[in-house]
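>>> here is a sequence together with a model predicted from it:
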Amino acid sequence: MITLDRPGVETTIREAALDAGSDGCLVCSSAYGPSKLPGLKCCTECGFITADMALSDDELSALYGEDYFHGNEYRNYVSEEVSLKDNFRRRLRTLHELIPDLRERRVFEIGCAYGFFLDEVKGDVAAASGIDISADATRYARDVKHVDAITGNYSDYVTPPGIGFVAMWDTIEHLPRPDLFIEKAAQDIDKGGYIAVTTGDIASLNARMRGKHWRMIHPPTHLHYFSVDTLSKLLDRHGFDVVHVSHPGNARDLRSILHFVLDLRLGWGGLYRRIAGWRIFNMSLSMNLFDIMFIVARRRDT
């Protein structure tokens, strides 16, 4: 359970909400049962899959320190700026088609990390800001990318008025209570505003074929495993209508892919370090296993 340290009535209400939803499915409030995937549990009603664990705020902050972006989850997040921005540009093309007045909207990013999306989008919208739990990441975003990024927990944050679009890029799977974040986003976004989410699709063919070996399954950093159906249900429950679903490809530099496969997955760190300096791994590769979903939803006016 997330523990909030801000005193007062709002904290009490938030803690009560957390306690009330802690035992039921985050999507439909039904009971969880066992999953065929080890270490996970599955909703008996809607099929939503989640890790059988809980994290405190301190544990969450420890997970997403500097090491997470430099050697743990990522080889070197900063070195992936070019490929990450390539992914953002592709999503922005889709968003401009779906939201003709996107340039006139205020954008807010939950989980802004090192500010690469905020840097990419800032010239395309009325204003862009974001929040992330990692102090190291937001410091870089402010000092190097010169974007409006703050350190903190979105659950506590008083969002400025006039938000017309919220982005959650590869973030929802990390959150102890993503349902509360979606609920808060629905309150923060103006009527008729939009939310966009990317995350792994556990119902995809690749995820089903790989089973427990699917690359996206690695708690405690990935806690939740949505399908298009369960994420759409969660969004609908909190007042959003899904207007776009796709499974786009993603660009990654080859050295990062090598680090993930050899060092993190196979434990062959020695081999990785021997060959990581080869220049061929400077290249970026775009591939699509159709197991990462991109969902855009519009907040209902009523």
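Here it is on my side, so go on.

>>> for residue 152, the count of nearby residues, please.
Neighbours of residue 152 under the rule other Cβ atoms under 10 Å: 12. Every residue, glycine included, has its C-beta placed from N, CA and C.

>>> can you show me the strands along the stretch 1-150 of the chain?
With DSSP state E, counting those that start in this stretch as the criterion, the stretch 1-150 of the chain has strands at 32-34, 40-43, 49-51, 106-110, 127-132, 148-151.

>>> please determine how far residue 183 is located from residue 193.
15 Å (Cβ to Cβ, to the nearest Å).

>>> report the central residue of the chain.
residue 171 (1.2 Å; Cα atoms, centre = their mean).

>>> wait, it sits on residue 112?
No - using Cβ atoms under 8 Å, residue 171 is not in contact with residue 112; the gap is 9.0 Å.

>>> low-confidence regions, the stretch 201-302 of the chain specifically.
By pLDDT under 70, the low-scoring segments of the stretch 201-302 of the chain are 256-257, 260, 264, 302.

>>> just the helices in the stretch 51-200 of the chain please.
Taking DSSP state H, counting those that start in this stretch as the criterion, the stretch 51-200 of the chain contains helices spanning 57-63, 66-67, 81-98, 116-121, 135-143, 178-188.

>>> can I get those helices in a markdown table with distance to residue 292, mean neighbour count and mean pLDDT?
Listed next are the helices of the stretch 51-200 of the chain as a markdown table, based on distance: least, Cβ to Cβ, whole Å; neighbours: other Cβ atoms under 10 Å; pLDDT from 0 to 100:
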| stretch | distance to residue 292 | mean neighbour count | mean pLDDT |
| --- | --- | --- | --- |
| helix 57-63 | 21 | 14 | 79 |
| helix 66-67 | 24 | 14 | 69 |
| helix 81-98 | 10 | 17 | 94 |
| helix 116-121 | 16 | 23 | 98 |
| helix 135-143 | 21 | 19 | 95 |
| helix 178-188 | 16 | 20 | 97 |
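
>>> which of those helices sits closest to residue 269?
Each of the helices of the stretch 51-200 of the chain has some distance to residue 269 by Cβ to Cβ; the shortest is helix 66-67, at 14.6 Å.

>>> who touches the residue lying closest to residue 147 once chain neighbours are set aside in this structure?
Nearest residue to residue 147, sequence neighbours excluded (Cβ to Cβ, 6 or more residues apart in numbering): residue 118, at 3.9 Å. Contacts for residue 118 (Cβ atoms under 8 Å, 6 or more residues apart in numbering) come out as 107, 109, 112, 128, 129, 130, 141, 145, 147, 148, 149.

>>> equivalent analysis for residue 243, please.
By Cβ under 8 Å, 6+ apart, the neighbours of residue 243 are 98, 194, 296, 297, 298.
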